[in-house]
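need a 3D model of the following:
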Amino acid sequence: MVAVVTPAVPVQIWGSGARVVLVHGSLTTGPLEWDAQRPLAEQGYQLVVPTRRAYAATGVGEDFLVDGQDVAELLGDGAHLVGHSYGALVALVAARERPEAVRSLLLAEPPLFEATDHPAAGALQEGLVRLLARPVSDREFLTAFLQLVGTDVADLPPELVDELSAMVPALRGARQPWQARVPVAELADAAFPIVVVSGAHHPAFTAVCEALTEQLGAQHHVVVGAGHEVQLAAAEFNAVLTRLWKPLRPCWESSA
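Take a look at the predicted model:
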């Protein structure tokens with residue numbers, strides 16, 4: 001493992017080979033979110049794992065437009081791009097900024113509720129708007145937020161709840177998905193393949209993923225057993241990744 005600090009964000013690099021940029025979601029860091037994907041670093045892939053600005057410093061709300069610029073720089077001469085949850089919004093922005101540097105794009109459970117008119121998506125967005133307006137403690141906010149997205153805080157270890165509570169300000173101060181336009185139409189005719197992954201745990205996320213699959217001309221995979229955190233279903237999720245990546249390896253790599 002190599003630790004790198006770019007001018008903007010800290011980055012860890014795992015392994016060597018075809019470049020992959022993994023973009024984490026809210027309430028976590030890059031290395032924490034993608035630990036179940038580490039074995040891919042031993043299969044001919046260089047995993048580039050940034051921790052986005054809001055989770056690398058205190059007092060900063062996450063912003064998918066700013067983070068998208070940071071991630072675009074990490075694509076180098078070409079990389080597979082993977083984003084989970086809020087990180088999927090970041091990945092969409094990065095892909096719009098540098099489409100020529102994207103080999104493939106995988107979007108896991110993106111919270112782009114305005115992509116669909118399904119009532120469950122509208123209800124979840126309205127619930128989040130109301131929660132963001134409530135003057136509650138970070139711990140109370142976390143409990144309510146997790147309930148909205150389908151996770152019972154009672155199922156989590158107390159030490160994890162403490163860690164998550166400390167990251168809540170980055171989420172409460174975020175640019176929310178409905179507060180700026182997320183590039184979707186611009187990528188509908190992208191030259192690179194796109195895969196959307198859902199977790200079959202919440203009708204709002206299922207509806208969003210189905211809508212984006214149609215709008216982007218993407219493939220849709222369902223990974224069950226880990227709820228919203230589909231990357232934790234490592235065997236199935238990693239298989240989706242490698243099935244996407246392997247056919248796209250340059251001939252000099254695949255013959256090595």
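
mind checking the end-to-end distance for stretch 48-56?
End-to-end distance for stretch 48-56: 16 Å, by C-alpha to C-alpha, to the nearest Å.

centre of the chain to that stretch, how far?
Between the mean C-alpha location of stretch 48-56 and the chain-wide mean there is a distance of 12 Å, by C-alpha atoms, centre = their mean, to the nearest Å.

cool, stretch 123-140 as well?
For stretch 123-140, the distance to the chain centre is 21 Å (C-alpha atoms, centre = their mean).

list the buried residues in it.
Of the residues in stretch 123-140, L124, Q125, G127, L128, L131 count as buried by neighbour count, 16 or more other C-beta atoms under 10 Å. Glycine gets a C-beta too; all of them are placed from N, C-alpha and C.

distance of the second one from Q179?
So the one you mean is Q125. Distance of Q125 to Q179, given as C-beta to C-beta, to the nearest Å: 11 Å.

the first one too?
Using C-beta to C-beta, L124 is found at 16 Å from Q179.

now do the strands in the chain.
Listed in chain order, the strands found in the chain under DSSP state E are 2-5, 10-14, 18-23, 45-50, 79-84, 102-108, 194-198, 219-222.

the residue nearest to C209 when sequence neighbours are not counted: what's it in contact with?
Nearest residue to C209, sequence neighbours excluded (C-beta to C-beta, 6 or more residues apart in numbering): S198, at 3.7 Å. For S198, the contacting residues are A108, E109, F205, T206, V208, C209, E210, H220, H221, V222, V223, V230, by C-beta atoms under 8 Å, 6 or more residues apart in numbering.

got a list of what the second one touches?
For E109, the set of contacting residues under the criterion of C-beta under 8 Å, 6+ apart consists of G25, H84, S85, A88, V197, S198, G199, F205, C209, H228, V230.

recalculate using a threshold of 7 Å.
For E109, the contact set (C-beta atoms under 7 Å, 6 or more residues apart in numbering) comprises H84, S85, V197, S198, G199, F205, H228, V230.

among the residues you listed, the buried ones, what's the PyMOL command?
Buried residues within those, as defined by 16+ other C-beta under 10 Å, are selected in PyMOL through the command that follows:
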select buried, resi 84+85+197+198+199+205+228+230
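
now render the contacts of E109 as CSV, adding pLDDT.
Compiled in CSV, the contacts of E109 are given as follows (pLDDT from 0 to 100):
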residue, pLDDT
H84, 98
S85, 96
V197, 98
S198, 97
G199, 96
F205, 97
H228, 92
V230, 95
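
closest to A144 among the contacts of E109?
Relative to A144, the closest of the contacts of E109 is H228; by C-beta to C-beta it sits at 15.4 Å.

the closest one contacts H201, doesn't it?
Yes - the pair H228 and H201 qualifies as a contact (C-beta atoms under 7 Å) at a distance of 6.2 Å.

would you list every one of the helices in the chain?
Under the criterion DSSP state H, helices of the chain are mapped to 30-33, 53-56, 64-74, 86-97, 119-133, 138-148, 158-172, 203-216, 234-245, 251-254.

please identify the most buried of those helices.
Using mean count of other C-beta atoms under 10 Å, the stretch among those with the largest mean neighbour count is helix 86-97, at a mean of 26.

would you mind getting the angle between it and strand 45-50?
Using axes from the mean of the first three to the mean of the last three C-alpha atoms, to 10 degrees, the inter-axis angle of helix 86-97 relative to strand 45-50 is 110 degrees.

having no further points to raise, I will conclude here.
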